[in-house]
Structures are given as C-alpha cells and as structure tokens.
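# Only the shape, not the letters, is given here:
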C-alpha cells in the first residue's frame, strides 16, 4: 500500500478519535489486539546440547549484583576458576563452545507445518520465530555476516520454510531479530553479565578469559560501521525476501552509535506497510511488551503483549512443562487486561517439538473449544465494573475465570493444590438472567444485590484447568 493511502488512513483515524494513534492505523495490522494467543519459538544451535538460548554463555549475574569491593585474591580466584556464579563451580559453557555447535545443527525432522497445524488448532493466531538470537546464528542464508545457514547448512532457509508453513496454516507471520550479535561483536564484546559488570572483574573474551586485545579508535569505528551495515542488511533481507510479514519482534540494540537509526520504523513500513513492530529497538512501537512478570502488566490503554515460557526456558532444555492450568491462567489474566499472550517453546535439535508440547496443545485446543468465546470474542470489563477474579465481557455477557491454585512459584503440575470452594463477585452490573459453567452448561448458584453478583463455585465442580463462569446480564 502506498504512502498516500497510509496518510489518508492516519487522517481518518484522527478524525474519528480526535487523538494520535499509539499504534499503526494500517488496516492489515488491526488483527493484532484481538489475536489473544501467539506462539514464541526460540531456536538455534543451543538446541544441539539442550541449553538455554543465548544467555547460557553469559556468566556473572551474581557478581554484578555485588556492589561491595572484592579482595584482590578473590578477584584472582574468580577469574582463575571461572567461578562467575560464586558457587565454587566453573562456568560450564563458553561462547566459543556454543558457536561450535552450529556444525552439528542439522534439523532433519524440521516440519513447521506440524508445529503450526497443532498450534492453529489450539487457538494460536500468530507465531514468532527467532530468526537470529543474541549469539548471532541466522536461520537463513544471509548475504551479511558469516554465521548463518549459508555457512553451516548448505544454504538451507529455515525462515522461508517457517513463513510458508504459517501461510498454509493461516497463522500470522512473526519474525524475531536480535540487534545484539555476540558472534559478530566477539572481539569487542565483554561476555561478563551485561549492563552492570563488576568493576574489579576484567572484560571477558569468547573463551571467558580476561580480554587482552585492545583496539584503536579507528578500528572500533570501522567495526561499528560494519556491524551496523550487517544489521541493516539482515533486517532488510527479512523484510524483502519472504513476502508479507505481520510482526517484527526486535530484542535489543546492537552495540553501535545511533542503533535505533540503523533501520527506522519509517523504513520498515516502507518495505512492509501493514507490519506490527514491537518497541525493543526504537524505544517505541505499536504495542507495549511485558516479559515473565505478569503483575507488571496494566489494563491496556493501547496494544500490548505479555510473553512467558511453557517450560522454565525460552529454548529447548529437557525439563518439565508448566501445568496447563497455569498457562491458561496466564492467558485469562492477559485477556482480562486486553493483552495478548505470547507463549514460548523451543524446538529440539532435530527440528521437531517435544511430544509433551503437542499433548499440551491438544489440552489447550479442547479448553478453547469450550471457553474460547471468553478469550477471543471478549474484551476487558468496562471501568465501571469490577470482578474478584480475571474477567472479560462481550455485549451483555460477562466471563469470570476461576484460576487453579498453586503452592510455591514453580507452577508445575506437582505443585497444584486441591480445588477449594470459591466465592466470585461481579459488581457494577444489572441482575443476571443466567449464570452457568461453560464446561457443562449447568447453572451456578448466585445472589444479586445493589448491582453486585455473588457466585458460589464449589470445589466439586472445579478442574485442574481454568474454570469459566458465564454471566448473562439483563438489559
């Protein structure tokens, strides 16, 4: 779509609302706030060893948290023993070792249609693939840089296969791109924990040894210029080589001056007019992103998204999945705020998802068949209404989400507590004509007084998942 039409759409939005939009007004992007559920796919050579993507090579978080001076002998011991976690154990993975796994990254069972068919059936409306994470391995044969499938997979284009599978399965296409590229920046980057490095610990190289190479100002400037050119080239390859892209999911800025100007939002929209852009490169975008901690999320004034993981890690690491009741609970809480839920999972090195991933998607699929109207066709409650639990509404119908209870913070199946009797309240409404449990359509006892509905939900009617009560209001 041309620039003139985009300008007309913006003018129409201003006429109808009287205010500037906080997101793109392009009609091809208006699916986003009602998408509800997205799939976040973190994948690169880390899957070969079942390690967490990217950050598994960055030690020193505990060191960074220590503000007090370290005795010189303690500094020497930490560096000598690579004890960057201060637990008496050497850091297990170096960046150089991580990058060597690219030689063994051969996903012979890669079939994104299988992923996306299961995801679409479960109610996922968009999927975001890590085309390149912080460690720099690009999942397509890029002309820029030397760490991508051009060098390690005989030119196989993982991104192309993913995009085409999304289209076949009617799933919106999302591409994640990391501005930081630790492989390209390996001779300049400090691999100690970023942003708050301890002043007494020397900068670490790709072997997690003290860096001994220094660079002149001219060398640094030339490197940063090449770095910026590589980032620009790769982003534009993604935006021009695969047809329509629906979401561009940035994750940080490259370590160069004026990083947010390498590829501007205006340039991105010139190449992909209907795209939705997150704010993690430019500082602003079409929506707000929340990560891991849902308590930080607020009722959305505009478009927003919350991302979290189905296990404890973003990428494939052999470990238990979180309980489906917990995952569906976060979905319900997100939608009660008007926020999309981007749920993360990692393919294995062979290119398939774990069997448990498909089993969990089937559980979500069945739950959505019964309760999907409370998620997909509903909005947050009006400001004049309140509920004791997460709730959404559509027309004269309200949906109350009774969440399962967990002990501790890990939220795995083994941590679930037995169901308990629960009182649900909904205020600021008219007298209901009916209150029913969506799972079986049966009535639920309630009382009404002074604009408040009090609902009794006995433990005997609870499940391990999220139980949804539909309240039909009188007019």
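Great, that's in hand. Keep in mind that what you see is a predicted model, and the values were worked out from it rather than measured. Numbering: from 1, shown residues only.
# quick one: the strands in the stretch 201-350 of the chain?
247-250, 276-277, 288-291, 304-309, 340-345 (DSSP state E, counting those that start in this stretch).
# chain center to the shortest one: distance?
What separates the centre of strand 276-277 from the centre of its chain is 14 Å, taken as CA atoms, centre = their mean, to the nearest Å.
# Mind listing the strands that strand pairs with, and their directions?
Using DSSP bridges, the strands paired with strand 276-277 are strand 247-250 (parallel).
# What lies in contact with the partner strand?
Contact with strand 247-250 is made by 32, 126, 128, 172-179, 238-239, 268, 272, 275-282, 285, as judged by CB atoms under 8 Å, 6 or more residues apart in numbering. Any C-beta I mention is one placed from the backbone N, CA and C, and that applies to glycine too.
# which residues touch the residue sitting nearest the centre point of the chain?
In the chain, the C-alpha closest to the average C-alpha coordinate belongs to residue 307, at a distance of 3.7 Å (CA atoms, centre = their mean). Residues near residue 307 by CB under 8 Å, 6+ apart: 40, 289-292, 341-344.
# at 10 Å instead, please
38, 40, 128, 249, 278, 289-292, 314, 334, 340-344 (CB atoms under 10 Å, 6 or more residues apart in numbering).
# Whichever of the residues you listed end up buried, select them in ChimeraX.
A single ChimeraX command selects the buried members of the contacts of residue 307 (16 or more other CB atoms under 10 Å):
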select :38,40,128,249,278,289,290,291,314,334,340,341,342,343,344
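# For residue 456, state which of the contacts of residue 307 is nearest.
residue 334 (26.6 Å; CB to CB).
# And that closest one, how close does it get to residue 304?
For residue 334, the distance to residue 304 equals 9 Å [CB to CB, to the nearest Å].
# any shared contact partners between the two?
Both residue 334 and residue 304 are contacted by 290, 297, 340, under the criterion CB under 10 Å, 6+ apart.
# ok, for the last one, nearest residue in space, not its chain neighbours?
The reference is to residue 340. residue 305 (4.4 Å; CB to CB, 6 or more residues apart in numbering).
# ok, residue 395 to residue 467 distance?
As judged by CB to CB, residue 395 and residue 467 stand 22 Å apart.
# Which one's more surrounded, those two?
Neighbour count, other CB atoms under 10 Å: between residue 395 and residue 467, residue 467 has more, with 24 against 11.
# Report the beta-bridge partners for the more buried one.
Residue 467 has the following beta-bridge partners by DSSP bridges: residue 402.
# Settle this for me: residue 459 is touching residue 404, isn't it.
No. With contact defined as CB atoms under 10 Å, residue 459 does not count as touching residue 404 (11.3 Å).
# Model confidence score at the residue nearest to the centre of the chain, please.
We have a pLDDT of 96 for residue 307.
# rewinding a little: dump the shared contacts of residue 334 and residue 304 into TSV; add distance to residue 89 and pLDDT as well.
What follows is these, written out as TSV (distance: CB to CB, whole Å; pLDDT from 0 to 100):
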residue	distance to residue 89	pLDDT
290	33	94
297	36	76
340	39	97
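# Keep only those of the contacts of strand 247-250 that are in helices.
Among those, the ones falling in helices (DSSP state H) are 238-239, 268.
# By neighbour count, which of the residues you listed wins?
Neighbour counts for the ones in helices among the contacts of strand 247-250 (other CB under 10 Å) peak at residue 238, which has 23 neighbours.
# picking that back up, JSON lines please, covering the strands of the stretch 201-350 of the chain and showing distance to residue 386.
Output for the strands of the stretch 201-350 of the chain, formatted as JSON lines (distance: least, CB to CB, whole Å):
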{"stretch": "strand 247-250", "distance to residue 386": "33"}
{"stretch": "strand 276-277", "distance to residue 386": "31"}
{"stretch": "strand 288-291", "distance to residue 386": "22"}
{"stretch": "strand 304-309", "distance to residue 386": "20"}
{"stretch": "strand 340-345", "distance to residue 386": "22"}
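# Which of the ones you listed sits closest to residue 155?
If you check each of the strands of the stretch 201-350 of the chain against residue 155 by CB to CB, strand 247-250 wins as the nearest, at 23.9 Å.
# tell me how far that closest one is from the chain's mean position?
Offset of strand 247-250 from its chain centre (CA atoms, centre = their mean): 10 Å.
# wait, which of the contacts of residue 307 is closest to residue 65?
Nearest to residue 65 out of the contacts of residue 307 is residue 292 (CB to CB; 17.7 Å).
# need the contact list for the residue lying closest to residue 120 once chain neighbours are set aside.
Among residues not flanking residue 120 along the chain, residue 169 sits closest, at 4.8 Å (CB to CB, 6+ apart). Contacts for residue 169 (CB under 10 Å, 6+ apart) come out as 112-121, 124, 127.
# what does residue 299 give?
Residue 299 sits next to 336-339, 380-381, 383 when contact means CB under 10 Å, 6+ apart.
# Tell me, what's the model's pLDDT at it?
We note a pLDDT of 78 for residue 299 in this prediction.
# That one and residue 278: what is the separation?
According to CB to CB, residue 299 stands 19 Å off from residue 278.
# Residue 183 now?
Per CB to CB, residue 183 is found 23 Å from residue 278.
# How about residue 218?
Residue 218 sits 35 Å away from residue 278, going by CB to CB.
# And residue 321, by the same measure?
Applying CB to CB, the value for residue 321 to residue 278 is 26 Å.
# before we move on, back to that, between the contacts of residue 307, which is nearest residue 91?
residue 314 (19.4 Å).
# Go ahead and confirm that closest one touches residue 134.
No. Using CB under 10 Å, residue 314 makes no contact with residue 134, being 11.1 Å away.
# need the contact list for residue 114.
Neighbouring residues of residue 114 by CB under 10 Å, 6+ apart: 165, 169, 351-353, 358.
# let's see it at 6 Å
By CB atoms under 6 Å, 6 or more residues apart in numbering, no residues touch residue 114.
# Residue 445 too?
Residue 445 neighbours (CB under 6 Å, 6+ apart): residue 456.
# quick thing: my sequence starts at 691, can you match it?
Renumbered: residue one is now 691, and that last one reads residue 1135.
# And the helices in the stretch 1041-1165 of the chain?
Along the stretch 1041-1165 of the chain, counting by DSSP state H, counting those that start in this stretch, helices occupy 1045-1061, 1063-1066.
# what packs against the last one?
So that's helix 1063-1066. The contact analysis (3 or more CB pairs under 6 Å, 6 or more residues apart in numbering; DSSP states H and E) places helix 1063-1066 against no helix or strand.
# tell me the mean pLDDT over it?
Averaged across helix 1063-1066, the pLDDT comes to 96.
# in it, what's buried?
For helix 1063-1066, by 16+ other CB under 10 Å, it's 1063-1066.
# Just name the closest of the residues you listed to residue 785, please.
Once CB to CB is applied, the member of the buried residues of helix 1063-1066 that ends up nearest residue 785 is residue 1065, at 40.8 Å.
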